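Novice: generate a structure from the sequence data that follows.
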Amino acid sequence: MGRLDRCDRTHRAGRYRLRGIAGLSLGVSGASTALAALCGMPLGIALHLKRFRGRRAVGVLVNTGMGLPPVVVGLIVTLLLWRTGPFGELRLLYTPSAMVLAQLIVALPIVAGFTRAALDLLDPDLALALRADGAGDARTGYELARAAGAPFAGSGRRWVRASQQ
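Specialist: Have a look, this model is predicted:
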């Protein structure tokens, strides 16, 4: 009976660890996705609506970032956070914060690019009509994102169509 008890305890401990690992993974992925949406959607809206100095360079960075391999991002983040790297003093290497940072760098350009592509599918007169009604930049961006079917509006059809073009 002693051997079965040890096996049972080991099995329970393994399940407990597995739950912890899965929880950490979901937490890191959820945090990085939320941050990417919070930063990437306004960036995509700004790239669509605004004409500013450096807009083309930001667009190139977004497009380049969308094709950046996650392994390269991980390597760059590791080198930056290494003990002798520029941010080594922060001691973030191999922490959930570093994982969130790496996933954010991968996801942010994708969110920004998809947002810009979805807004490009809309009728250009829609933004003009919103501005004629007195909507500011933030309200215009919100209404355009809503019209494009942004996730917070509950529809992703235009996002899928934009990603297929």
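Novice: what is the mean pLDDT for the longest helix belonging to the chain?
Specialist: The longest helix of the chain (DSSP state H) is helix 2-49. Per-region confidence: helix 2-49 scores 85 on mean pLDDT.
Novice: stretch 128-138 now?
Specialist: Rounded mean pLDDT across stretch 128-138 is 86.
Novice: now do the buried residues in it.
Specialist: Applying a neighbour-count criterion of 16 or more other Cβ atoms under 10 Å, one finds 130, 135 buried in stretch 128-138. To be clear about C-beta, it is placed using only N, CA and C from the backbone, and glycine gets the same treatment.
Novice: related to what we said a few turns ago, packing partners of the following helix or strand past the longest helix of the chain?
Specialist: Moving toward the C-terminus from helix 2-49, the next helix or strand (DSSP states H and E) is helix 55-66. Applying 3 or more Cβ pairs under 8 Å, 6 or more residues apart in numbering; DSSP states H and E, we find helix 55-66 packed against helix 2-49, helix 96-120.
Novice: can you list contacts of helix 55-66?
Specialist: With Cβ atoms under 8 Å, 6 or more residues apart in numbering as the test, helix 55-66 has contacts from 43-44, 47, 105-106, 108-110, 112-113, 116.
Novice: ok, 6 Å please
Specialist: Contact partners of helix 55-66, identified using Cβ atoms under 6 Å, 6 or more residues apart in numbering, comprise 47, 109-110, 112-113.
Novice: got it, and stretch 27-42?
Specialist: When contacts are defined by Cβ under 6 Å, 6+ apart, stretch 27-42 is touched by residues 96, 99-100, 103-104, 107-108, 111-112, 115.
Novice: buried subset of the residues you listed?
Specialist: 99-100, 103-104, 107-108, 111-112, 115.
Novice: tell me the contacts of residue 83?
Specialist: The contact partners of residue 83, by Cβ under 6 Å, 6+ apart, come to none.
Novice: can you say which helix or strand has it in it?
Specialist: Using DSSP H and E, residue 83 falls outside every helix and strand.
Novice: which phi and psi values does it adopt?
Specialist: Torsion angles at residue 83 (phi, psi; degrees, to the nearest 10) stand at phi -50, psi -40.
Novice: what's the distance between it and residue 35?
Specialist: According to Cβ to Cβ, to the nearest Å, residue 83 stands 25 Å off from residue 35.
Novice: follow-up on the earlier one: and the angle from the longest helix of the chain to helix 96-120?
Specialist: 40 degrees (axes from the mean of the first three to the mean of the last three Cα atoms, to 10 degrees).
Novice: what angle do helix 2-49 and helix 55-66 make?
Specialist: Using the same axes, to 10 degrees, helix 2-49 lies at 160 degrees relative to helix 55-66.
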